[in-house]
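**Student:** Sharing a sequence plus its predicted fold:
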Amino acid sequence: MSRLHNYYVYIMTNKHKTVVYTGVTSNLQRRVYEHENGLLKGFTKKYNAHYLVYYEHYTQILEAIAREKQIKKWRREKKNNLIASLNPDWEFLNDKIADIL
């Protein structure tokens, strides 16, 4: 029997919700911690995108990567609508994912 794998496509934003970053990971709690604490160089550190506002769960890595690429190509308005579909108030989910996962 094959082992169940967990992959997440996620969206981070900054305190003022003016930027969004889409990523993929196999460990959402660890990745959010890394973003939150500026441990990852690049976009999220430069623009202070430390807050999780959206995520999707997958069991197949290729599906997760394809979805991440799809979302990254979208215009900002479409990303905003995706976030609002599950998180209408753009609540920061950092402290809630331990309970959810």
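**Tutor:** Right, received. Where do you want to start?
**Student:** longest helix in this structure, by residue count?
**Tutor:** helix 61-73 (DSSP state H).
**Student:** Could you pull up the residues touching Met57?
**Tutor:** Actually, residue 57 is His. It isn't Met. 6-8 (Cβ atoms under 8 Å, 6 or more residues apart in numbering). Heads up, the C-betas are built off the backbone N, CA and C, glycines and all.
**Student:** And for Ala49?
**Tutor:** Taking Cβ under 8 Å, 6+ apart, we find Ala49 in contact with 12-14, 19-21, 35, 43.
**Student:** for it, helix, strand, or coil?
**Tutor:** Following DSSP: H, G, I helix; E, B strand; the rest coil, the label given to Ala49 is coil.
**Student:** coming back round to it: what's the ChimeraX line that selects buried ones from the contacts of His57?
**Tutor:** One line in ChimeraX is enough to select the buried members of these, burial here meaning 16 or more other Cβ atoms under 10 Å:
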select :7,8
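**Student:** would you turn the contacts of His57 into JSON lines with distance to Leu39?
**Tutor:** Below are these laid out as JSON lines (distance: Cβ to Cβ, whole Å):
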{"residue": "Asn6", "distance to Leu39": "21"}
{"residue": "Tyr7", "distance to Leu39": "20"}
{"residue": "Tyr8", "distance to Leu39": "17"}
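**Student:** I'm done for today, thanks for sticking with me.
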